[in-house]
Structures are given as structure tokens and as C-alpha cells.
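Enquirer: dropping a prediction and its sequence here:
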Amino acid sequence: MNERCPWCGTDPLYVAYHDNEWGVPERDPRALWEKLVLDGFQAGLSWITILRKRDAFRAEFDGFDPERVARWDEKRREKALANPGIIRHRGKIEATIRGARLFLEIEEGEGFSPYIWSFTGGDAIQNRPETPADVPTATDASTAMSKSLKKRGFNFCGPVITYAFMQACGLVNDHLTSCPRHQPVRAMSVGG
């Protein structure tokens, strides 16, 4: 019985996200930063809400170009706060600007992708969940990532958010073993 992970339901946008993006190992630093930002905006909301607004977020946040976002001034912040196409939360917008600056610092040093992947030893964690109840909401690795990000100055990155980020970016394969995406995602990982 090959059934998709039940969390994506039947919404075509959610199904496409599940089938094409969720769990695929991501190594591009800017794509990782974008996803971390979007997961932070998700705090208190459902992922489908963010997914429906993702194009508007990309347009508003200069294509998630950290060099541009890091230079935002008050006028640019206010423009974002006035955009009904995104989540207009001042704290999350401020966190994104600060996060862009922090991303650039990390990228200049050890590199953002190696930093993020260091929490899994550089390789994807291959779980074998059989039911949704087998999938955790946070782990020791997501807690360590959360603490490290917060220590560096990031916000909206608690252990549950960082675990969702890890799942989405393929640091963890949490597709159910019965899901047709479990094995292909596993095969994409280093050491599969």
C-alpha cells in the first residue's frame, strides 16, 4: 500500500509540495535560509498558509537575497508591514532582517550550509516512521540547532520549528515507509 504521508491531504498545492520538495536534501545556503525564515513565519500558523503566500514572500523579501534584506531601513520595513500578501508581523520581519545579517556572517565564516548540516553530522538522518505517531515534533538535533541559532541571535527558531525545517530540507527523512516518496528521498541522501 503506497499512500502519501497523510499530513498533505488532497490540496493540490500541498500535494505538490510533498511530492517535489519536502524531505529533498537541500544544500544551497540561500534556499536553506529562505526555508528557515518561512518556518519562522509559520510559528502559530499552518504550513499551508505560508505555502500559499510563498510567492508573495519571495517578491517582498527581494527573492530572499540576504545582502539586500540585511540593508533594509525603516521605510523598507514599513513597506513589508503594509503588504497584505505576507504575514504582517513586525517581530518576524525584524527577525528576518537580523537573520539576513547573521546569515552573511555565518556564510563568510564556516558557510551556512555546512553549519546547518553539522547538526546531522553532514548527512541526512534516515528515519523509518510507519505511522504519523512515529514522527517526533522535536529531537536532540533540532534542540541543539535551535539553541545554536538563538545563541547567534536568530529568533523564531525553537526546537519544533527547527525540526520542521530539518524535515522540509531533507536533513531528516520522515516520509512514512508506506509513502512513495520515502525511498526516493532516501536514495537522494549521501550514503542513502
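Expert: Cool, got the structure.

Enquirer: ok, Ile50 touching Ile87?
Expert: Yes: the criterion here is Cβ atoms under 8 Å, and Ile50 meets it with Ile87 at 7.5 Å. C-beta here means a position set from N, CA and C on the backbone, and glycine is covered the same way.

Enquirer: shared neighbours, those two?
Expert: Phe41 (Cβ atoms under 8 Å, 6 or more residues apart in numbering).

Enquirer: Pro180: neighbour count?
Expert: Neighbour count for Pro180, taken as other Cβ atoms under 10 Å: 13.

Enquirer: my read: it touches His18, true?
Expert: No: using Cβ under 8 Å, Pro180 makes no contact with His18, being 10.1 Å away.

Enquirer: mutual contacts of those two, please.
Expert: In contact with both Pro180 and His18: Arg4, using Cβ under 8 Å, 6+ apart.

Enquirer: so which residues of the chain form strands?
Expert: Here the chain has its strands, by DSSP state E, at 125-126, 172-173.

Enquirer: now do the end-to-end distance for stretch 37-52.
Expert: This stretch, stretch 37-52, spans 15 Å end to end (Cα to Cα, to the nearest Å).

Enquirer: next one: stretch 74-94
Expert: 10 Å.

Enquirer: who's in contact with that stretch?
Expert: Stretch 74-94 has contacts (Cβ under 8 Å, 6+ apart) with 40-41, 43, 45, 49-50, 53, 56-57, 59-61, 72, 97, 155-156.

Enquirer: tell me how many other residues surround Ser46.
Expert: 10.

Enquirer: what about the helices in this protein?
Expert: Remark: helices assigned in the chain by DSSP state H are 12-20, 29-42, 47-60, 66-69, 74-81, 90-108, 112-117, 140-152, 159-168, 182-188.

Enquirer: mean pLDDT added to those helices, as JSON lines?
Expert: As requested, these are arranged in JSON lines below (pLDDT from 0 to 100):
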{"stretch": "helix 12-20", "mean pLDDT": "97"}
{"stretch": "helix 29-42", "mean pLDDT": "97"}
{"stretch": "helix 47-60", "mean pLDDT": "97"}
{"stretch": "helix 66-69", "mean pLDDT": "98"}
{"stretch": "helix 74-81", "mean pLDDT": "97"}
{"stretch": "helix 90-108", "mean pLDDT": "98"}
{"stretch": "helix 112-117", "mean pLDDT": "98"}
{"stretch": "helix 140-152", "mean pLDDT": "98"}
{"stretch": "helix 159-168", "mean pLDDT": "98"}
{"stretch": "helix 182-188", "mean pLDDT": "96"}
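
Enquirer: thank you kindly, that will do.
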